[in-house]
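Trainee: A structural model of the following input is requested.
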Amino acid sequence: MPESTVTEYLAGIAPEADRAALQRVVDIAREVAPDVTEGMSYGMPTLLYRGKGYAAAMQTKAHLALYPFSGSVLPAFDDELADFSHSISALRFSAEQPVPAELLGRILQLRKAQIDEQLDRKR
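Mentor: Here you go, the predicted structure:
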């Protein structure tokens, strides 16, 4: 996939229901961390927080996915994610079965806190 910003990537998503579902994830991510920037990480258009991979929302042939760039974020929510296919690094969902906004917010808040802790510890 050629490099693009998150905004450019989302603009090219079809069908509209998938685009809207991914945009919702990005909007919630921006609510949790209003100062995110757009960039690339692991070849994916990514929201960066304090220069670190914070979240990517992508479309695949089989599903939509959230990638929080941490192997410990999603396992912290295993019980609440029981209705969703997920691994330690990817949360798979669909436009028809979106992740509840409140849960997405908590997932993204944990990732933000991890980045803050990591970078503040280095000071």
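
Trainee: Within the helices and strands, which one has the residue nearest to the spatial centre of the chain?
Mentor: The centre of the chain sits closest to residue 55, judged by CA atoms, centre = their mean, with a distance of 3.4 Å. In this structure, residue 55 sits in strand 52-59 according to DSSP states H and E.

Trainee: what packs against that strand?
Mentor: Counting contacts by 3 or more CB pairs under 8 Å, 6 or more residues apart in numbering; DSSP states H and E, strand 52-59 is packed against helix 6-11, helix 16-32, strand 44-49, strand 64-67, helix 101-121. Where you see a C-beta, it was placed from the backbone N, CA and C, and this is true even at glycine.

Trainee: ok, the fourth one: who's next to it in the sheet?
Mentor: Sheet pairing for strand 64-67, assigned by DSSP bridges, gives strand 52-59 (antiparallel), strand 91-93 (antiparallel).

Trainee: For it, output the C-alpha coordinates as PDB.
Mentor: In PDB, the C-alpha atoms belonging to strand 64-67 read as follows (Å, rounded to 0.1, in the frame of the first residue of the first chain):
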ATOM      1  CA  LEU A  64     -12.100  -3.900  10.000                       C
ATOM      2  CA  ALA A  65      -9.400  -3.700  12.700                       C
ATOM      3  CA  LEU A  66      -8.000  -1.500  15.300                       C
ATOM      4  CA  TYR A  67      -4.200  -1.800  16.000                       C
END
